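*Asks:* Below are the sequence and a predicted model; questions follow.
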Amino acid sequence: MKTMRWICLLGLLCAAGIAADDTAALPAGKGREAVGKVCVDCHALDVIRALRLSKDAWSQKVNEMVDRGAQGTPEEIAAVTEYLAANFGPEAKVHVNTAPVDELRTVLGFSPAEAKAVVDWRGSHAAFKGWEDVAAVPGVDRAKVEAKKEMMNFAVAGQE
């Protein structure tokens, strides 16, 4: 039953389509370009970012997508799995300066309003440098931010 729900979700995501340029919102690292080539034409990055699967689970999902038609060399497919596991595994930190609302909600436990406030704040202010900056956003629970501070990364694209 879980597999059927996953397949239905993926079908909906494929219908939406995402531009490869959206990979700029992903954390820097080896394999990011492969994710752009292999994954983002069918998958919304906010869904990918919120999953937090183990390396084995990412490998299984990537192999399922290859079976369903995802295109890439064996090296690219391996790079995708490594990148996803490193950046969106169970222990991976949230890149607060690029994380979408869904990732802030599911991984950090922010309410929908708090997550939206963080994303909106980012759009008109300098990049967050630490958890204290996030805690200072109006409408965000400081205690919640402090409790999750070890799960946050504040690197900015190009400076990672």
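*Replies:* Alright, I've got the coordinates.
*Asks:* Over to His95: give its phi and psi.
*Replies:* phi -80, psi 90 (degrees, to the nearest 10).
*Asks:* In this model Phe128 seems to touch it, though I could be wrong.
*Replies:* No: with contact defined as C-beta atoms under 8 Å, His95 and Phe128 do not form a contacting pair (10.0 Å). Any C-beta I mention is one placed from the backbone N, CA and C, and that applies to glycine too.
*Asks:* shared neighbours of the two, which are they?
*Replies:* Phe154 (C-beta atoms under 8 Å, 6 or more residues apart in numbering).
*Asks:* For the nearest residue to Asn153 once chain neighbours are set aside, give me phi and psi.
*Replies:* The shortest distance from Asn153 to any non-neighbouring residue, by C-beta to C-beta, 6 or more residues apart in numbering, is to Lys93 (4.0 Å). Backbone torsions of Lys93, given as degrees, to the nearest 10, read phi -80, psi 160.
*Asks:* In contact with Lys93, which residues?
*Replies:* Applying C-beta under 8 Å, 6+ apart, the residues near Lys93 are 150-153.
*Asks:* cutoff 6 Å now
*Replies:* 151-153 (C-beta atoms under 6 Å, 6 or more residues apart in numbering).
*Asks:* Next, count neighbours for Gln60.
*Replies:* 13 (other C-beta atoms under 10 Å).
*Asks:* before we move on, which element is it in?
*Replies:* helix 55-67 (DSSP states H and E).
*Asks:* Please save the CA atoms from that helix in PDB.
*Replies:* What follows is helix 55-67, C-alpha atoms only, in PDB (Å, rounded to 0.1, in the frame of the first residue of the first chain):
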ATOM      1  CA  LYS A  55      21.000   5.700   2.000                       C
ATOM      2  CA  ASP A  56      19.500   2.300   1.400                       C
ATOM      3  CA  ALA A  57      16.000   3.800   1.100                       C
ATOM      4  CA  TRP A  58      17.300   6.500  -1.300                       C
ATOM      5  CA  SER A  59      19.100   3.800  -3.300                       C
ATOM      6  CA  GLN A  60      15.800   1.900  -3.600                       C
ATOM      7  CA  LYS A  61      13.800   5.000  -4.600                       C
ATOM      8  CA  VAL A  62      16.400   6.000  -7.200                       C
ATOM      9  CA  ASN A  63      16.500   2.500  -8.700                       C
ATOM     10  CA  GLU A  64      12.700   2.500  -8.800                       C
ATOM     11  CA  MET A  65      12.800   5.700 -10.800                       C
ATOM     12  CA  VAL A  66      15.400   4.200 -13.200                       C
ATOM     13  CA  ASP A  67      13.000   1.300 -13.700                       C
END
